[in-house]
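K.L.:
have a look at this fold, sequence not included:
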């Protein structure tokens, strides 16, 4: 009789957990995956994928408006929010089916229920059954965090509910200044809503390059999105089907919906972590792990957003794959969390990889900045008031490109390719030696010859 029911039990059927299960099964392990909601996790069901579909849909109005400059006369058009939501739901259901099928094709099994730890090797299912596992992987992800309790917090929606609204709100107030807040601000504005963004800091996109932050804000404000910084929502009142958001500044805003997108917290509650002896990282509230994603318990691992390291789907997938190769593939694979590209599907779009100017100036003695700010070719015909930003951060001593930051159409697509060069430690000379692809916006990355700024850090006295 086998010592354990399964070799690996995965708690969570999101992108990271699914990848780990499939790779481990491919290495010959007997694997079981427990998912209490829907296979695919946050990214597929209520995150990246439906959000990108909404972003693409919201672009259409701009395309119609821009068409006139290219000679197109388009008859009167209309938009139907329920149709968008229904079609999105169909696509998400299709993807969920693919995720489940791929797990089962790999030889792993799925149990559609909640699983909690009873001890380091035993899991109790909500059905009442228990399962023993040689190894356990926790991949439960994260969830929206509304922050401190305020009067009327029960009236606030998160990105989860935003995907399932029955009607498009005419006016919406969004609190937050990061990825999710700005992406939904662009989505709702693109569909015709009046949008106000409230953020507690001095400017949106904290942690991004300062030029990116300024550029995105200016472009969003050109589109009619109101951005109010330096304050928070302290109270939400309900009046029939409408709401009033009271700000810490003393002013108030009326809206049909109030959305909070101020951050996410790891899903660590009620998993039985204490019973199994799994420690929490006091610095971030996620499960504490080492470079191999191992927790404080030798046979229990954790990956993805539940560790609160870098909360990006591709990172979770890479961590899941590395875990399976390390534990079941008999080769140790650690994930390099440095120089990871990321995108904000705001409008305009942001793509970035590597160090910001501020980070480079803090770490490197000589920093050269190359920057281009220009009107894209499409805008010369459409007449739209918009500009593109491209910026390279270079080590002035070694000539290595330390960072690339782009704001504009297809910024993410461009940065995905540039990230390869940055990861390979390409130099500015390598960029200069690359022949431009014309006419494109991306050619600016290989035609910027003269630094726009140079910084030399003075040695301490």
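P.N.:
Received it, and whenever you're ready, just let me know what you need. Because the structure is predicted, anything quoted here is derived from the model rather than measured.

K.L.:
how does the protein divide up, domain by domain?
P.N.:
6-141+267-328, 145-262, 348-456 (the TED database).

K.L.:
looking at the ones you listed, which is nearest to residue 335?
P.N.:
Closest approach to residue 335 among these (CB to CB): domain 6-141+267-328, 5.0 Å. For the C-beta atoms, the positions are set from N, CA and C on the backbone; glycine is no exception.

K.L.:
from residue 177, how far out is residue 239?
P.N.:
Distance, residue 239 to residue 177, by CB to CB, to the nearest Å: 27 Å.

K.L.:
so for residue 2, what's the pLDDT?
P.N.:
Note for residue 2: predicted pLDDT of 68.

K.L.:
returning to what we had before: in CSV: the domains of the chain, plus distance to residue 334, mean pLDDT and mean neighbour count.
P.N.:
Output for the domains of the chain, formatted as CSV (distance: least, CB to CB, whole Å; pLDDT from 0 to 100; neighbours: other CB atoms under 10 Å):
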stretch, distance to residue 334, mean pLDDT, mean neighbour count
domain 6-141+267-328, 5, 96, 19
domain 145-262, 24, 97, 18
domain 348-456, 15, 97, 18
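
K.L.:
nearest to residue 340, of the ones you listed?
P.N.:
domain 6-141+267-328 (6.2 Å).

K.L.:
thought residue 136 was touching residue 121, still the case?
P.N.:
Yes. At 7.5 Å, residue 121 counts as touching residue 136 under the criterion of CB atoms under 8 Å.

K.L.:
between the two, what contacts are shared?
P.N.:
Applying CB atoms under 8 Å, 6 or more residues apart in numbering, one finds that residue 121 and residue 136 are jointly contacted by residue 299.

K.L.:
measure stretch 256-266 end to end?
P.N.:
Chord length of stretch 256-266, first to last residue, is 29 Å (CA to CA, to the nearest Å).

K.L.:
distance from the chain centre to the helix or strand where residue 228 lies, please.
P.N.:
Element membership for residue 228 (DSSP states H and E) is strand 226-229. Taking CA atoms, centre = their mean, to the nearest Å, the mean C-alpha location of strand 226-229 is offset from the chain mean by 22 Å.

K.L.:
tell me which element residue 368 is part of?
P.N.:
Per DSSP H and E: strand 366-374 holds residue 368.

K.L.:
elements contacting that strand?
P.N.:
helix 357-363, strand 388-395, strand 453-456 (3 or more CB pairs under 8 Å, 6 or more residues apart in numbering; DSSP states H and E).

K.L.:
out of these, which comes closest to residue 166?
P.N.:
Of the helices and strands packed on strand 366-374, nearest to residue 166 by CB to CB is strand 388-395, at 36.9 Å.

K.L.:
show me what that closest one is packed up against.
P.N.:
Using 3+ CB pairs under 8 Å, 6+ apart: strand 388-395 touches helix 210-222, helix 357-363, strand 366-374, strand 401-407, helix 428-433, helix 444-447.

K.L.:
okay, the ones you listed in a markdown table with distance to residue 144 next?
P.N.:
Shown next, in a markdown table, are the helices and strands packed on strand 388-395 (distance: least, CB to CB, whole Å):
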| stretch | distance to residue 144 |
| --- | --- |
| helix 210-222 | 22 |
| helix 357-363 | 28 |
| strand 366-374 | 35 |
| strand 401-407 | 26 |
| helix 428-433 | 39 |
| helix 444-447 | 36 |
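
K.L.:
out of those, flag the one nearest residue 283.
P.N.:
helix 357-363 (19.5 Å).

K.L.:
how is the residue nearest to residue 54 when sequence neighbours are not counted assigned, secondary-structure-wise?
P.N.:
Excluding the flanking residues, the one nearest residue 54 by CB to CB, 6 or more residues apart in numbering is residue 187, at 4.7 Å. With DSSP: H, G, I helix; E, B strand; the rest coil as the basis, the three-state label of residue 187 is helix.

K.L.:
if I look at residue 187, how far off is residue 246?
P.N.:
Applying CB to CB to residue 187 and residue 246 gives a distance of 25 Å.

K.L.:
returning to what we had before: strand partners of the strand holding residue 368, parallel vs antiparallel please.
P.N.:
In the sheet, strand 366-374 lines up against strand 388-395 (antiparallel), strand 453-456 (antiparallel) (DSSP bridges).
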